[in-house]
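Asker: Show me how the following folds:
(2 chains)
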Amino acid sequence: MMKDRELKQLLQKNTESPDHASKDAFIRRYKKETGSEKTGHIKLVMMQAGYIRKRIWIISLLIAATFFFPYVESEDKLFVIAGLMPFMAGLSILEVFRSEYYGVSELEAVTKFSAKGVFFARMTLISAFQLMLTAVISALIGINNPYGIAVSGSMLLIPWFITSIISLIVERSEFGRNNRYSFVAVAVCVTWIHTTLYSNGFFQSLDMRYLIFVAALLFALNVFEVRKTIETETLVWN
Amino acid sequence: MEIEEYYDKIYRYCYYKVGNKTLAEDLTQETFLKYLKSTCTGPEHYLYTIARNLCIDEYRKVKTVSLEEETVEPADGGFEQSVVDREAVAKALGKLSEEDRELMILRFVNDEPLSEICKIMGLSRFALYRRLNNAKSELVKYLEE
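Answerer: From the prediction side, this is the model:
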């Protein structure tokens, strides 16, 4: 009498299996349908959080931690941190375009998530984290200086937005795509302009309340550039 | 749900019910599409139920082809023994009653747990053991003929 195990092996080895080509084609189609239906934006953002390198979080934290650095004069803290903000923005751009620099964006684009979705998720995550840090620093600085929290926040955000906008424009150009660290040049330029203006007493002579409107305008411009970049990315893959 | 794994199982289940490769493939894909549209949470059990209902609908439409009439293709490389085995298995399964064949496929080919088979076929555990033993004895007898 044949044992159960032998019978199982005989049957499993000699029963029909589906046509592989048609099976693969169906599974790809099925996964695409289920993937887009069942993976929401929040889940996608959470998934992307794991792919962002730890050094990005750490460097952002270190820049924010400059506030606690004892050698910086308390009245200069706002301008020193504002001078470092372009590097924070540049880092986020570098991380968002990391897959493109390493030549795996094509691979990413054929997964169940669109290149557009992944780009947006990464951008949202890093920006949200850095803006949260900026909010905390603005509050800490704003309490102790005459400008207040809103102006301090705008002062920090303006260099961040300018770097982000210019980096996105540069990234869309041929030069930016071929030069991974082009964002460093942008950050250095923005920091240099900021430092020069500060040392020439430009900010001190300015009505600081206008900075809130400038920050709001730059925020709108940043949103516009992000949208434009996402659209360009989608066009590249289609 | 691992669709790669279930696809083969559902395909085999449909194939040994309708006896036609193309039809089995269509029914398998339809099963998954119906499952996708539904909101059921019990994947395996429900997939078999959908497949079973689709096969029943198909019986009503067309006359099924006997398993023995289908061309037998060797699994890997066309070894003589493999062809003989496949033919013998197809013939033996073809001689079983439809319910026994379904049982054999679920238990010995798809490796489903007994609890799942009870749910799929609507049988008690005792009845399943009895039918499974009878079906197995018959299949072995046909294979040894």
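Asker: Apart from its chain neighbours, what residue comes closest to A:A49?
Answerer: Spatial nearest neighbour of A:A49, chain neighbours left out: A:L125 (5.6 Å); criterion: CB to CB, 6 or more residues apart in numbering or on different chains. (C-beta placed from N, C-alpha, C; glycine too.)
Asker: What distance do you get for the spatially most central residue of chain A to A:R53?
Answerer: In chain A, the residue lying closest to the centroid (CA atoms, centre = their mean) is A:M123, at 3.0 Å. From A:M123 across to A:R53, the span is 15 Å (CB to CB, to the nearest Å).
Asker: Return the helix or strand in chain B with minimum mean pLDDT.
Answerer: Lowest by mean pLDDT, DSSP states H and E among the helices and strands of chain B is helix B:80-95, with a mean of 80.
Asker: Flag the shaky bits of the chain, pLDDT-wise.
Answerer: All of this is about chain A. Applying pLDDT under 70 to chain A flags the ranges A:1, A:34-40, A:71-75, A:99-116, A:233-238.
Asker: To clarify, I was referring to chain B.
Answerer: For chain B (pLDDT under 70), the answer is B:1, B:39-44, B:62-82.
Asker: which residues are there in it that come within reach of chain A?
Answerer: By the rule CB under 8 Å from any CB of the partner chain, the part of chain B lying against chain A is B:3-4, B:7-8, B:11-12, B:15-16, B:21, B:24-25, B:28-29, B:32-33, B:36, B:75, B:82, B:85-86, B:88-90, B:93, B:104-105, B:108-109, B:111, B:136, B:139-140, B:143-144.
Asker: same thing but at 6 Å, please
Answerer: Within chain B, the positions near chain A by CB under 6 Å from any CB of the partner chain are B:3, B:7, B:11-12, B:15, B:29, B:32, B:85-86, B:89, B:108-109, B:140.
Asker: Filter the residues you listed down to the ones in helices?
Answerer: The helices, defined by DSSP state H, take in B:I3, B:Y7, B:Y11, B:R12, B:Y15, B:Q29, B:F32, B:D85, B:R86, B:V89, B:V140 from those.
Asker: Can you report how many residues lie near the second one?
Answerer: As a burial measure, B:Y7 scores 23 neighbours (other CB atoms under 10 Å in any protein chain shown).
Asker: And the nearest residue to it once chain neighbours are set aside, which helix or strand is it part of?
Answerer: What sits nearest to B:Y7 in space, not counting adjacent residues and going by CB to CB, 6+ apart, is A:K23, at 5.7 Å. Assigning secondary structure by DSSP states H and E places A:K23 in helix A:20-38.
Asker: next SSE after that helix?
Answerer: Past helix A:20-38, the next helix or strand by DSSP H and E is helix A:41-49.
Asker: Check which helices and strands the lengthiest helix in chain A sits against.
Answerer: When chain A is parsed with DSSP H, its longest helix is helix A:115-144. Contact here means 3 or more CB pairs under 6 Å, 6 or more residues apart in numbering or on different chains; DSSP states H and E; on that basis helix A:115-144 packs against helix A:41-49, helix A:54-64, helix A:77-96, helix A:148-172, helix A:210-237.
Asker: Name the residues of the fourth one that are buried.
Answerer: I take that to be helix A:148-172. A:151-168, A:170-172 (16 or more other CB atoms under 10 Å in any protein chain shown).
Asker: got the angle between it and helix A:210-237?
Answerer: 30 degrees (axes from the mean of the first three to the mean of the last three CA atoms, to 10 degrees).
Asker: What is the three-state secondary structure of A:P70?
Answerer: State at A:P70, reduced to three classes by DSSP: H, G, I helix; E, B strand; the rest coil: coil.
Asker: how close does it sit to A:K77?
Answerer: 11 Å.
Asker: When these two are compared, which one has more neighbours?
Answerer: Ranked by neighbour count (other CB under 10 Å), A:P70 and A:K77 place A:K77 first, with 20 against 4.
Asker: The more buried one: what's it in contact with?
Answerer: Shown in contact with A:K77 (CB atoms under 6 Å, 6 or more residues apart in numbering or on different chains): A:F67, A:I141.
Asker: quick one: A:L84 and A:I63 touch, right?
Answerer: Yes. A:L84 lies in contact with A:I63 (CB atoms under 6 Å); the separation is 4.8 Å.
Asker: And the closest residue to A:F120 other than its chain neighbours, how close does it get to A:I165?
Answerer: In this structure, A:F120 finds its nearest non-sequential neighbour in A:I230, 6.3 Å apart by CB to CB, 6+ apart. Between A:I230 and A:I165 the distance is 14 Å, computed by CB to CB.
Asker: Cheers, nothing more for now.
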